[in-house]
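A.B. asks: could you look at this predicted model? Sequence included:
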There are 2 protein chains.
Amino acid sequence: MSLSRKTSFEDVAAELVPKPSLQRMPWYLAYVGRLRLQGVANVTSTQLSRELNVDASQIAKDLSYLNVRGKTRIGYDVASLDNALADFLGFRRGHAAVIFGVGSLGGALLSDRGLEHYGLNIVAGFDIDAAKINPEAPVPVYDVSEHIRQISRLKAEIAILTVPHAVVQEVADMAVAAGIRALWNFTPHKLLVPRNVVVQDTPLYSDLALIYNQLIARK
Amino acid sequence: MSLSRKTSFEDVAAELVPKPSLQRMPWYLAYVGRLRLQGVANVTSTQLSRELNVDASQIAKDLSYLNVRGKTRIGYDVASLDNALADFLGFRRGHAAVIFGVGSLGGALLSDRGLEHYGLNIVAGFDIDAAKINPEAPVPVYDVSEHIRQISRLKAEIAILTVPHAVVQEVADMAVAAGIRALWNFTPHKLLVPRNVVVQDTPLYSDLALIYNQLIARK
């Protein structure tokens, strides 16, 4: 039986996994990956619960979306669980992505090979600043006027938006018109997009406000 | 009357603002800031609602945490609302922060002056890699062995964690022992910390899983 086949992402397409479950899974994956490197063979949900401070019944429910079964007292096979989580989260398939805005954050994401381990292949960047254009770089950076041709050529589905927030809606519209199906938005601007386009906000500034608020509350 | 004084962050310390409200406020701030730059004098909650695709009653409720009042038919004064939001979110006060792990993401955050506009003053970085140590840089990078002395000297309250996830718990423990009160965690590791320490997870990899999941679901 091919475990990774049965637990692959596509097989659960019909069923959208609850967001909180999906958000916890990378925690499980990080921990289980470390156990695997340490040569640990099995892990129980009680152990996961204790290490990750998540309710054991919640863990069992989250893992029920995967096609892995734990055994009484022995728990889950670490290698199978590691594979199943990485496959399920889509981290083992390459997803072609482009970056709009090769500034400080965009430039870092462009050169961060770490994201490849999570299935994100950044294949090109776009900018309006001539000093940043470099079609010969390992990950080429093009003038934004080339975005339609390059997105089509590179079959990119995901656009990372690290432009100034004042222009991000305009850039999102351009990206969607060029065939992009998912926008990873790092700006504090609330994007308006067609219903079939995925938007994921990663609002660094909101996270800062949450930190400040809690620091004050705990003083 | 000093509006910014009455709506400052400290005054609401007793009352922890609901997380979803806090997370929406940077959207309002980004939009209102643009209106202000355009010279627009007033904005109604209906207009905010239409532009940001948030229910108007929800907007009114969120803004009720601020001490600003809209006028019937005229709406909110744009400049006052802009000031009140920025003050309330803590973006106008400097918060001293250090970065553990000056790799690709950590290095980008270190040199990203953009975060200063949101009240985050990154005052130092720490790494174990001798090639990254540079105490003479605009934002100095020290060997991690110096963290206790530097955190105390710089009066840093926030630590940004961009180290590999396998070591992040150890680094978090070190930072807390050195007096850090809030941890901004960019790794997929679930941190265990004393109850009085703030943890904000910014799980880039979870966000990727959410994107992949929704892309599949909409195919």
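C.D. replies: Nice, thanks for sending it over. Just so we're clear, the structure is a prediction, and the values are computed from it rather than from any experiment.
A.B. asks: and the longest strand for chain A?
C.D. replies: Of all segments of type strand in chain A, defined using DSSP state E, the longest is strand A:120-127.
A.B. asks: give me the sheet partners of that strand and which way each runs.
C.D. replies: Each strand pairing with strand A:120-127, determined using DSSP bridges, is listed with its direction: strand A:95-100 (parallel), strand A:141-143 (parallel).
A.B. asks: which of these sits most buried?
C.D. replies: For those, the stretch with the most neighbours on average is strand A:95-100, a mean of 23; neighbours defined as mean count of other Cβ atoms under 10 Å in any protein chain shown. In short, each C-beta sits where N, CA and C put it, glycine included.
A.B. asks: let me see the domain layout of chain A.
C.D. replies: Taking automatic domain parsing as the domain assignment, the ranges for chain A are A:12-89, A:94-208.
A.B. asks: circling back: so which of the strands paired with strand A:120-127 is nearest B:G90?
C.D. replies: Closest approach to B:G90 among the strands paired with strand A:120-127 is made by strand A:95-100 (28.6 Å; Cβ to Cβ).
A.B. asks: does chain B sit close to the helix or strand following the closest one?
C.D. replies: Using DSSP states H and E, the next helix or strand after strand A:95-100 towards the C-terminus is helix A:104-111. Yes: against chain B, helix A:104-111 shows contacts by Cβ under 8 Å from any Cβ of the partner chain at A:104-105, A:107-109, A:111.
A.B. asks: helices or strands up against helix A:104-111?
C.D. replies: Contact analysis of helix A:104-111 by 3 or more Cβ pairs under 8 Å, 6 or more residues apart in numbering or on different chains; DSSP states H and E lists strand A:95-100, strand A:120-127, helix B:104-111 as its packing neighbours.
A.B. asks: just put those in JSON lines and tack on mean pLDDT and distance to A:P194.
C.D. replies: Listed next are these as JSON lines, based on pLDDT from 0 to 100; distance: least, Cβ to Cβ, whole Å:
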{"stretch": "strand A:95-100", "mean pLDDT": "97", "distance to A:P194": "18"}
{"stretch": "strand A:120-127", "mean pLDDT": "97", "distance to A:P194": "21"}
{"stretch": "helix B:104-111", "mean pLDDT": "85", "distance to A:P194": "31"}
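A.B. asks: which of these sits closest to A:T162?
C.D. replies: strand A:95-100 (6.3 Å).
A.B. asks: what does the longest strand of chain A contact?
C.D. replies: The contact list for strand A:120-127, computed with Cβ atoms under 8 Å, 6 or more residues apart in numbering or on different chains, reads A:94-103, A:106-107, A:109-110, A:115, A:132-133, A:139-144, A:146-147, A:150, A:154, A:156, A:158, A:160, B:208.
A.B. asks: can you select the buried ones from the residues you listed in PyMOL?
C.D. replies: A single PyMOL command is used to select the members of the contacts of strand A:120-127 judged buried by 16 or more other Cβ atoms under 10 Å in any protein chain shown:
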select buried, (chain A and resi 95+97+98+99+100+101+102+103+106+107+109+110+115+132+133+139+140+141+142+144+147+150+156+158+160) or (chain B and resi 208)
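A.B. asks: take the strands paired with strand A:120-127 and write them to CSV, including distance to B:Y212.
C.D. replies: Below are the strands paired with strand A:120-127 laid out as CSV (distance: least, Cβ to Cβ, whole Å):
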stretch, distance to B:Y212
strand A:95-100, 6
strand A:141-143, 25
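A.B. asks: B:L81: which of these is closest?
C.D. replies: Sorting the strands paired with strand A:120-127 by Cβ to Cβ, the top spot, which is the nearest, belongs to strand A:95-100 at 29.0 Å.
A.B. asks: which residues touch that closest one?
C.D. replies: With Cβ under 8 Å, 6+ apart as the contact definition, strand A:95-100 has outside contacts at A:106, A:109-110, A:119-127, A:144, A:147, A:150-151, A:154-163, A:171, A:175, A:180, A:184, B:211-212, B:215.
A.B. asks: hmm, back to that, what's the closest of the residues of helix A:104-111 next to chain B to B:N67?
C.D. replies: Taking Cβ to Cβ as the measure, B:N67 lies nearest A:L105 of those, at 33.2 Å.
A.B. asks: nearest spatial neighbour of A:L89, chain-adjacent residues omitted?
C.D. replies: Using Cβ to Cβ, 6 or more residues apart in numbering or on different chains and skipping the chain neighbours, the partner closest in space to A:L89 is B:A209 (4.3 Å).
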